[in-house]
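[1] pasting the structure only:
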């Protein structure tokens with residue numbers, strides 16, 4: 001790990017390393033500054049004050065340091081959150097939804113015709129490979145025109161989504177509950193867009209899921225365990241990310257990084273803060289009777305941390321950096337470290353397999369420069385269809 005630094009560093013006193021949202025916001029800050037100040041060596045460490053607070057090195061700490069950091073992050077987030085065409089987003093969203101309905105209706109008709117072909121072949125006594133080959137032949141002969149229409153309408157829908165989205169990596173739709181073919185086309189576009197100097201689209205796409213792994217009995221991808229909102233309560237994962245990109249302002253970032261979190265912002269919550277777990281038994285009033293309050297700036301910065309946690313196939317399940325599964329529950333484990341390191345080293349550090357052990361060896365952690373290791377469980381509140389997902393309060397491992 002890097003052991004040298006040029007200044008005392010700037011403490012991000014608003015971020016708490018024992019809170020998963022605070023930790024993710026710190027990583028999002030490091031990633032943003034590393035890209036914005038690519039000509040500098042931007043490093044981060046953690047300092048035990050009242051709790052573990054992140055410290056940025058490379059911002060020339062001293063008079064005006066907070067201002068320089070806020071300006072750099074604000075400019076970076078603004079530049080990364082511009083739609084391909086500057087248009088009225090509300091109008092473009094209406095058009096995207098219209099195109100989606102046309103595509104879904106056509107796709108439903110196509111799927112119904114395929115189902116009828118399969119039922120016919122089953123009645124004719126065809127099974128196995130012969131049935132599959134005959135299905136392909138009849139689809140080609142009988143449904144070619146409808147299949148082309150589906151492909152055309154899907155392309156128009158995708159174009160409309162990209163026009164309405166503030167960034168390409170949130171142009172997949174409202175949620176990650178998409179088919180393997182839809183996600184394959186999405187990650188293909190991300191791969192084509194990647195360059196030596198800009199991997200944003202590709203890195204976010206890699207954190208969302210994998211096209212080769214689908215949910216049982218459903219043709220939709222297995223998605224990252226960071227996806228806590230999937231439509232319950234009209235909250236959507238990618239849509240919330242997009243709205244945070246558009247509505248987060250400088251004052252929100254300042255509160256998140258340097259102020260006391262006041263929880264005064266309505267909605268737009270990724271649910272990565274354990275305080276989002278409003279369990280009925282712990283609340284004086286019914287939590288569904290009032291709007292959720294959150295910290296937009298922290299959520300916006302935390303979104304920028306997703307590229308540190310790519311997802312990948314592990315046998316028949318999706319594995320995600322930082323997560324392990326114990327007794328049927330996903331657990332997120334993260335370190336705070338005591339020596340300044342850059343974003344590339346952070347990417348390697350959070351992926352260490354030792355952190356996922358039930359009781360990691362403290363001597364190994366010390367040798368890696370880790371001051372503390374935290375773990376939160378991914379918990380489910382309520383029952384379908386009104387299910388909420390949140391992180392439990394962190395525990396030291």
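    Arrived safely, thanks for sending. Note that the structure is predicted; figures quoted are calculated from it, not measured.
[2] quick check: the gap between residue 263 and residue 271.
    Applying C-beta to C-beta, to the nearest Å, the value for residue 263 to residue 271 is 14 Å. The C-beta positions use only the backbone N, C-alpha and C, and glycine is treated the same way.
[3] check what pLDDT residue 283 gets.
    Looking at residue 283, its pLDDT is 52.
[4] on that earlier part again, more crowded one of residue 263 and residue 271?
    For the pair residue 263 and residue 271, the greater number of neighbours falls to residue 271 (24 against 14), based on other C-beta atoms under 10 Å.
[5] can you tell me how far the more buried one sits from residue 236?
    When residue 271 is compared with residue 236 (using C-beta to C-beta), they lie 12 Å apart.
[6] which neighbours do those two share?
    Common neighbours of residue 271 and residue 236 (criterion: C-beta atoms under 8 Å, 6 or more residues apart in numbering): residue 229.
[7] tell me where the stretch 1-150 of the chain has helices.
    Remark: helices of the stretch 1-150 of the chain, listed N- to C-terminal, are 20-36, 65-80, 89-123, 128-142, 144-164; assignment by DSSP state H, counting those that start in this stretch.
[8] could you single out the most deeply buried of those helices?
    With neighbours taken as mean count of other C-beta atoms under 10 Å, the helices of the stretch 1-150 of the chain reach their highest mean count in helix 20-36, at a mean of 25.
[9] what's the angle from that one to helix 65-80?
    Taking axes from the mean of the first three to the mean of the last three C-alpha atoms, to 10 degrees, helix 20-36 and helix 65-80 form an angle of 80 degrees between their directions.
[10] helices or strands next to helix 20-36 in the packing?
    Contact here means 3 or more C-beta pairs under 8 Å, 6 or more residues apart in numbering; DSSP states H and E; on that basis helix 20-36 packs against strand 43-48, strand 52-57, helix 65-80, helix 250-258, helix 296-303, strand 329-337, helix 343-349, strand 370-381.
[11] buried set for the first one?
    So that's strand 43-48. When neighbours are counted by 16 or more other C-beta atoms under 10 Å, the buried residues of strand 43-48 are found to be 43-47.
[12] now those as TSV including distance to residue 321 and pLDDT?
    Formatted as TSV, the entries for the buried residues of strand 43-48 read as follows, by distance: C-beta to C-beta, whole Å; pLDDT from 0 to 100:
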residue	distance to residue 321	pLDDT
43	21	97
44	18	98
45	21	97
46	19	98
47	25	97
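[13] distance check, the most centrally placed residue in the chain against residue 372.
    Residue closest to the mean C-alpha point of the chain, counted by C-alpha atoms, centre = their mean, is residue 306 at 5.0 Å. With the distance defined as C-beta to C-beta, residue 306 ends up 23 Å from residue 372.
[14] try residue 328
    Distance of residue 328 to residue 372, given as C-beta to C-beta: 27 Å.
[15] quick one: closest of the helices of the stretch 1-150 of the chain to residue 356.
    Smallest distance to residue 356 across those (C-beta to C-beta): 15.5 Å, for helix 20-36.
[16] any weak-confidence spans in this structure?
    By pLDDT under 70, the low-scoring segments of the chain are 1-7, 61, 81-89, 232-233, 278-291, 385.
[17] ok, back up a step: so residue 328 and residue 372 - more neighbours on which side?
    Just comparing residue 328 and residue 372: by other C-beta under 10 Å the higher neighbour count belongs to residue 372, 19 against 5.
[18] and for the more buried one, nearest residue in space, chain neighbours not counted?
    If the residues on either side of it in the chain are set aside, residue 372 comes closest to residue 336, at 5.1 Å by C-beta to C-beta, 6 or more residues apart in numbering.
[19] about what we covered before: would you mind giving the helices and strands packed on helix 20-36 as CSV with distance to residue 107 added?
    Output for the helices and strands packed on helix 20-36, formatted as CSV (distance: least, C-beta to C-beta, whole Å):
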stretch, distance to residue 107
strand 43-48, 46
strand 52-57, 46
helix 65-80, 32
helix 250-258, 39
helix 296-303, 30
strand 329-337, 31
helix 343-349, 38
strand 370-381, 31
